[in-house]
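Chemist: Requesting a structural model of the entry that follows:
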Amino acid sequence: MQFLAHLPLDLGAIAVFFCQNDPGMCDDWDATAGANRAFVFRGQLTVATVPAEGETLLGAVTALRPHPADTPTAEPVLGRLGGEPDWIQGDETPGCPSCAARMTFTAELEEGSDFATSANFGGGGRGYVFHCHPCSKAAFLWQR
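Modeler: Got it, this is the predicted structure:
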């Protein structure tokens, strides 16, 4: 799975991954199909050692803006933290796999402007990250 985002939260962080092996062949738009994952990490994280072998390049790094946006920025911003999801199709808020409660919207991710480094959300799509605070579970899906 490809690392997509590291999102800081008051409870720790959420790391988001999605399948980019043979794009279009995994159900990576579905929060529960297994082709994408989001994990909650509580507490402080430390930087991992870069492996000596294999592909480790991240490509482009971008920022998210808080919702509501406090101040305008000149940096490229490809999404936002908090608020309500701006659904492209319809509400697909997932239920927590542990307690079945409706998960809390955490972040919205945009594809990116450079095809070489952008996330593959089906061409013009948008990703949505959710979490369940009591259960420390997270989920990710996208729409186009």
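Chemist: pretty sure Gly82 contacts Glu108?
Modeler: No - checked against CB atoms under 8 Å, the pair Gly82 and Glu108 is beyond contact range at 9.2 Å. In short, each C-beta sits where N, CA and C put it, glycine included.
Chemist: of those two, who's got more company?
Modeler: Taking other CB atoms under 10 Å, Gly82 and Glu108 do not tie; Glu108 has more neighbours (22 against 15).
Chemist: The more buried one bridge partners, please.
Modeler: Applying DSSP bridges to Glu108 yields these beta-bridge partners: Arg80, Tyr128.
Chemist: Distance of it relative to His131?
Modeler: Distance of Glu108 to His131, given as CB to CB, to the nearest Å: 13 Å.
Chemist: again, but for Leu141
Modeler: From Leu141 to His131 the distance is 13 Å (CB to CB).
Chemist: what do you get for Asp28?
Modeler: Asp28 is 18 Å from His131, by CB to CB.
Chemist: neighbour-wise, which of those two wins?
Modeler: Shown here are Asp28 and His131; by other CB under 10 Å, Asp28 has more neighbours (28 against 24).
Chemist: Mind pulling up the pLDDT for the more buried one?
Modeler: At Asp28, the pLDDT value in this model is 74.
Chemist: Counting neighbours, what do you get for Thr46?
Modeler: 5.
Chemist: and it, what helix or strand is that in?
Modeler: When elements are defined using DSSP states H and E, Thr46 is found to belong to no helix and no strand.
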